[in-house]
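**Q** predicted model and sequence follow; I will ask about them next.
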Amino acid sequence: MKKIIFAILNLFQILYAQQSPLIVNNYQKLTSYDELSEFVDQLEKSSKIAAVETIGKSIEGRNIYVLKFSSTEFGQDDSKIKVLVFAQQHGNEQSGKEGALLLAEELLKSENKYLFDKIDFALIPQMNPDGSEANKRRNGNDADLNRDHLILDQPENIALHKFFDKYLFEVSMDVHEYYPFGEDWKKYGYRRNFDETIGAPTNINVSAKIRDLANEKCIPYIFDRLREKDFTAFSYILGGPPKLI
Ligand SMILES: [Zn+2]
């Protein structure tokens, strides 16, 4: 009898587990803003771990969502590490959004619940919904959000910085997408077709202690974990290919 009840509970979980729109659409189309909105709404309703908040609006009035995962009140337990991941500042870099939604689905599996006793995790799957809908890099103001973090005159970035300042996350990751098949680097004898490219802060406004910690400890650790999983990885290269003189 116990087994039958367990089987029914499992079936119930499977039926009501939220599937990312990418999977529902059998990887045949990218997730639209409306599908994303519906997904995060359902995720919140079906989970005790995840809560959804709108941190701001895009130029064209779309919501910027954050998913907050925690087993306690988010951001209130100082013994937990606060982690922020945000994706798709560039609207035509669609894989960050899709990866974030797949990650959300994965994190809600029962075997991953233990994580949220140790960390409070915030995930912003789509920083630039207007650019995403038009599949273009810039936002609805024709601004490059990733060139606006010092000036802060775009509403999407103001929302992100306000959210960051509220919790002062110890770890944050900004997710982008790059095209690995371009010919430009080959001319100079370089290959750039690795699975992942990762960089730590280089800006001298970031304290040297944090830069050193990220470069000497965090990045090598991430590379090791990626290689264990058979992903190829390389340091993020700023700018374009070297110029031949
Ligand atoms: Zn980008």
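**A** Perfect, thanks for sending it. Numbering: from 1, shown residues only.
**Q** for the strand or helix carrying Arg211, packing partners?
**A** Counting by DSSP states H and E, the element that carries Arg211 is helix 208-213. The helices and strands touching helix 208-213, judged by 3 or more Cβ pairs under 8 Å, 6 or more residues apart in numbering; DSSP states H and E, number zero. Every residue, glycine included, has its C-beta placed from N, CA and C.
**Q** buried ones in stretch 84-97?
**A** Across stretch 84-97, burial judged by 16 or more other Cβ atoms under 10 Å covers 84-91, 93-94, 96-97.
**Q** from the chain's centroid, how far away is stretch 162-178?
**A** In terms of Cα atoms, centre = their mean, to the nearest Å, the centre of stretch 162-178 is set 9 Å apart from its chain centre.
**Q** give me the contacts around that stretch.
**A** 55-56, 66, 74-75, 81-90, 93-96, 99-100, 120, 122, 124, 146, 192, 197 (Cβ atoms under 8 Å, 6 or more residues apart in numbering).
**Q** apply 7 Å and report the result again.
**A** With Cβ atoms under 7 Å, 6 or more residues apart in numbering as the contact definition, stretch 162-178 has outside contacts at 55, 66, 75, 81-87, 90, 93, 95-96, 99, 197.
**Q** out of these, which is nearest to the ion?
**A** Minimum distance to the ion across the contacts of stretch 162-178 is 3.6 Å, recorded for His90 (Cβ to the ion).
**Q** the strands in the chain, which residues?
**A** Taking DSSP state E to define them, one finds strands in the chain at 50-57, 63-69, 81-87, 119-124, 171-175, 196-198, 233-235.
**Q** strand partners of the last one, parallel vs antiparallel please.
**A** In its sheet, strand 233-235 lies beside strand 196-198 (parallel), with partners assigned from DSSP bridges.
**Q** swap in the longest one?
**A** Counting by DSSP bridges, the strands paired with strand 50-57 are strand 63-69 (antiparallel).
**Q** can you lay out the strands of the chain as JSON lines showing mean pLDDT?
**A** JSON lines is the format used below for these (pLDDT from 0 to 100):
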{"stretch": "strand 50-57", "mean pLDDT": "98"}
{"stretch": "strand 63-69", "mean pLDDT": "98"}
{"stretch": "strand 81-87", "mean pLDDT": "98"}
{"stretch": "strand 119-124", "mean pLDDT": "98"}
{"stretch": "strand 171-175", "mean pLDDT": "96"}
{"stretch": "strand 196-198", "mean pLDDT": "92"}
{"stretch": "strand 233-235", "mean pLDDT": "90"}
